[in-house]
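Engineer: need a structure here:
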Amino acid sequence: MKAKIILTSILCAAIQSLSAQENHETPAVSKDSATIMATTQEPIVTQAQLEEKAKAEEAAREAEKKAKEFEKEQRKLEKAKKEMEREKNEFEKRQKKILSAEKDVLKAKTKLANEKKSLEKNKNKLDKKKGKGKLTSIEIQEEEIKISKQEVKIKELELKVQNEEADLIKVRS
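Structural biologist: Numbers count the residues shown, from 1 in each chain. The predicted model follows:
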């Protein structure tokens, strides 16, 4: 833009000096109509050229303004695109967290169910052995201790299931 302004100012200066030289060369004594016409038409042509140059400069300024506005719009679009990408990534992270929490709940419930089955199985075994009368009182107590440990473990697993479900609810909200 600066180069355009400099070139335009040099051009205007050259045109002014050229028209000044032409005005000095025309003899004032001779009243030839062709000479008078030439001197009066040349400044008009240069004036028309100056007007064209001014219009061209104005058009260049308008084009530059439009280019700046276009760049602004491009930056806005880029910002919006980045924002959408960020939101998309956040959504995907949230979905991963939800899936992970659902897996944890399912895993805890499966462990709990397996432990309950194992407890029932051990209780049935103990009842059968008691029924046959083959166990001593110490062996019975040992088996009952194992069963009570399993019951404690089941309580812990139930707490874990509750915690995992609470985490899942928290992640979903």
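
Engineer: am I right that E143 is in contact with L135?
Structural biologist: Yes: under the criterion of C-beta atoms under 8 Å, E143 makes contact with L135 at 7.3 Å. (C-beta placed from N, C-alpha, C; glycine too.)

Engineer: so what sits against both of those two?
Structural biologist: Here E143 and L135 share the contacting residues K129, scored by C-beta atoms under 8 Å, 6 or more residues apart in numbering.

Engineer: which parts of the helix or strand bottoming out on mean pLDDT in the chain are buried?
Structural biologist: Across the helices and strands of the chain, mean confidence by mean pLDDT, DSSP states H and E is lowest for helix 2-25: a mean of 70. Neighbour-count burial for helix 2-25, counted by 16 or more other C-beta atoms under 10 Å, picks out 8, 15, 19.

Engineer: show me where pLDDT drops low in this structure?
Structural biologist: 1, 18, 20-45 (pLDDT under 70).

Engineer: one more time with 50, if that's ok
Structural biologist: Low-confidence segments of the chain, defined by pLDDT under 50, are located at 25-31.

Engineer: any idea how far the residue most central in space within it is from R94?
Structural biologist: The centroid of the chain falls nearest to K82 when counting by C-alpha atoms, centre = their mean (2.1 Å). Distance, K82 to R94, by C-beta to C-beta, to the nearest Å: 19 Å.
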